[in-house]
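Chemist: sharing a model that was predicted from the sequence below.
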Amino acid sequence: MAWITLQNAHLGFGHVALLDGTDFALEQGERVGLIGRNGTGKSSLLKILAGIDKADDGELKHQGGVRIAYVPQEPELFADESVFDAVKRGLAEVVKMVDDYTSGEGDIDALHAAIDSQDGWTWESRVSDTLQRLSLNGALQISALSGGMKKRVALAQALVQRPDVLLLDEPTNHLDLDSITWLEELLIAFKGAIITITHDRAFLDRVATRIVELDRGQLRGYPGNFASYEGIKEREMADEAVVNAKFDKLLAQEEVWIRRGVEARRTRAVARIERLAVMRNQAAERRKAQGSVNFALDAGNRSGKIVCDMEHVSKSFELPGGGRKTVVNDFSATIMRGDKIGLVGPNGCGKTTLLKMILGELAPDAAAPHTPDNAMPKLRLGTQISVAYFDQMRDALDPEATLEDFISPGSEWIEIGGAKKHVRSYLNDFLFSPARSRSPVKSLSGGERNRLLLARLFARPANVLVLDEPTNDLDIDTLSLLEELLDQYTGTVFLVSHDRRFLDNVVTSLIVNESTPERSGQWREYVGGIEDWLIQSKRAGGAGASSAKGSAFATYSIASSVVNTRTEWVNDVKNGSAGTQNASPGPAAAQTSQPSPPKRKLSYKEQREKDAIPGQLAGLEAEQSSIQTQLADGTLYATEPAEATRLAQRSAEIDEEMLHLMERQEALAG
């Protein structure tokens, strides 16, 4: 029997049906990823399943005795309470029963039985064990915690209840990469069932065993993780487009026929007219595909080739109790026009501080004591730089202002790329209907507020974009469109995000925090995205899962050669020789003109290994082709979902094995 069952649920918001005869069932051990557009009612559905809110109509059933814990998108914590007291509130009913029993109030026998059934006598040890498991200090005040640590406290508040079902609304928001990895492991090991609303695609790939999409009031389930969902969804949309095209063609033919003035008295004509009426109703009731955000970015005037040149810069701050905290220590980098840089590191490591130094908003310390020979710091900014910021904390949002006034105060028109556009039309590009353009900002959901901030950001020309956690609360379709936009953007992008897939699809290089307890403020630049950095770090030393261990990636020869090539090009730009055709050869050129050293002769074992690689690659390609053939039509996902998931995972493993073999083949080739 399902732990949670929802049947024929209806929920309306104004004239919009968020749930329209929706059915859902959650089985034991499932980990469901609930996805859908912003504003479609995902959070409302989660609250209904938790029993917090009620649907307008329909039936909700919870299996007898099932314990459900709900963690909201924004933790409901009190700033003046301790972490221990906040987690203790998860057992408020149990604690009250123990207090009543101790003071002799109420029915003692009934209280004793109720406390026994909930294992309430050991509530203090349960709280302490949960705090230890989630690495939380119970003595700290909530007001002293970061957003990520508050998320941990809210999760501890739920887990201390020992729930059978865990309902999570955007659990990865405000978490850094290490915390997201920790949460993934925690949820994978969780013995009960899970429903999580998230737009973190990498998170869904690791955690989810079923994807459920809320689309125009209906729920559709897809077995497997997000990668499996993408494949099935693409085929579904293609099939639906073919069916709709055939239907529309037939309907158009019938409309032409009826307008010719046929004799309706004939029996065959009457039946055809009746069929046309049915087809018209079907066309009217068809669920139209939702619109897409229409992003457009004006890069304005081009900046200089060099946006920022930093050498041996450091930054430290005085601590309230004395001493200093170093957040940047002897960092050097050159940012070129068109670079797309991702800043990666745990919360509080100094990403914002480093970003302000790169943009010239914060001066580095006068001296860098840890640099070789006490080298003086140098910071040179480029020319014609115009910066636009995406504000993570939404400080710029006025909750009382209308959407129109927020985008274009005092004017009905906005200028984009030299062309004027009405503010309502511009808002419609971001999926805000004209009817909502006069609504106050406070009426928007979290995802809609982020979309509004993007609308204001893109309303002004800028050749440098600073995006601080832009992916929080954005739906997956909007994320994909934003990725495409940033890929085509000709300016420079600085991106602070913990969304691994988004970083992989956007950035050209990473600046990673590699601080250790012994050496704080350590930063290093790497070419590539998150997956490049983590995978190669793991191969090099098995320690790349933590950003503090990221230096192992430097041993990866391909990435190192790319870094060296880029460094040489940067130096050419600095010296004014980039692109010069007749530059006189320097020492480096002279060195390259010398004959290359002879190749090392392979040993017998290495030669046999080299000869075997082409056959191994061919075998892997054949195996992968066979897997893709089995998964192509989607039938296996419906009949044998476990086998389909296994095959999809094997296909991903084959990619890794083939990459490793090709790298080995290149190394043996000398």
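Modeler: Alright, I've got the coordinates. Numbers count the residues shown, from 1 in each chain.

Chemist: point out where the stretch 1-150 of the chain drops to low pLDDT.
Modeler: Applying pLDDT under 70 to the stretch 1-150 of the chain flags residues 1, 14-15.

Chemist: and the stretch 451-600 of the chain, by the same measure?
Modeler: Scanning the stretch 451-600 of the chain for pLDDT under 70 picks out 535-600.

Chemist: could you pull out the strands in it for me?
Modeler: 464-468, 492-496, 509-513, 523-527 (DSSP state E, counting those that start in this stretch).

Chemist: what does the stretch 1-150 of the chain give?
Modeler: All strands of the stretch 1-150 of the chain, identified by DSSP E, counting those that start in this stretch, fall at 4-13, 16-26, 31-35, 57-62, 68-71.

Chemist: now distance to Pro171 and mean neighbour count too, for these, in CSV please.
Modeler: For the C-beta atoms, the positions are set from N, CA and C on the backbone; glycine is no exception. Listed next are these as CSV, based on distance: least, CB to CB, whole Å; neighbours: other CB atoms under 10 Å:
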stretch, distance to Pro171, mean neighbour count
strand 4-13, 18, 17
strand 16-26, 17, 19
strand 31-35, 11, 23
strand 57-62, 22, 14
strand 68-71, 7, 21
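
Chemist: could you redo the ones you listed as CSV and give each row distance to Asp468?
Modeler: Compiled in CSV, the strands of the stretch 1-150 of the chain are given as follows (distance: least, CB to CB, whole Å):
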stretch, distance to Asp468
strand 4-13, 30
strand 16-26, 31
strand 31-35, 24
strand 57-62, 39
strand 68-71, 24
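
Chemist: CA atoms only: put stretch 440-454 into CSV for me.
Modeler: The C-alpha trace of stretch 440-454 is given here as CSV (Å, rounded to 0.1, in the frame of the first residue of the first chain):
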residue,chain,number,x,y,z
PRO,A,440,3.0,44.2,-6.6
VAL,A,441,6.4,42.5,-6.3
LYS,A,442,5.4,40.9,-3.0
SER,A,443,2.8,38.8,-4.8
LEU,A,444,5.5,36.9,-6.7
SER,A,445,6.9,33.5,-5.9
GLY,A,446,10.6,33.0,-5.3
GLY,A,447,11.3,31.8,-8.8
GLU,A,448,9.2,34.7,-10.3
ARG,A,449,11.2,37.2,-8.3
ASN,A,450,14.4,35.8,-9.6
ARG,A,451,13.0,36.0,-13.1
LEU,A,452,12.0,39.7,-12.5
LEU,A,453,15.5,40.4,-11.3
LEU,A,454,16.9,38.9,-14.5
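
Chemist: please renumber the chain so that the first residue is 5 from this point on.
Modeler: Happy to do that; since the first residue is 5 now, the last one works out to stretch 444-458.

Chemist: so which residues make contact with that stretch?
Modeler: Stretch 444-458 is contacted from outside by 42-43, 47, 77, 174, 297, 299, 394-395, 398, 400-407, 410-411, 434-436, 474, 476-479, 482, 486, using CB atoms under 8 Å, 6 or more residues apart in numbering.

Chemist: now for Glu419: which residues touch it?
Modeler: Under the criterion of CB under 8 Å, 6+ apart, the neighbours of Glu419 are Lys425.

Chemist: for it, helix, strand, or coil?
Modeler: Following DSSP: H, G, I helix; E, B strand; the rest coil, Glu419 is assigned to strand.

Chemist: could you tell me how far it is located from Ala287?
Modeler: In this view, Glu419 and Ala287 are 40 Å apart by CB to CB, to the nearest Å.

Chemist: would you list every one of the helices in the stretch 305-454 of the chain?
Modeler: 355-362, 407-411, 427-433, 450-461 (DSSP state H, counting those that start in this stretch).

Chemist: mean pLDDT lowest for which of the ones you listed?
Modeler: With a mean of 78, helix 450-461 has the lowest mean pLDDT of the helices of the stretch 305-454 of the chain.

Chemist: now that one, how far from the centre of its chain.
Modeler: Chain-centre distance of helix 450-461: 16 Å, with CA atoms, centre = their mean, to the nearest Å.
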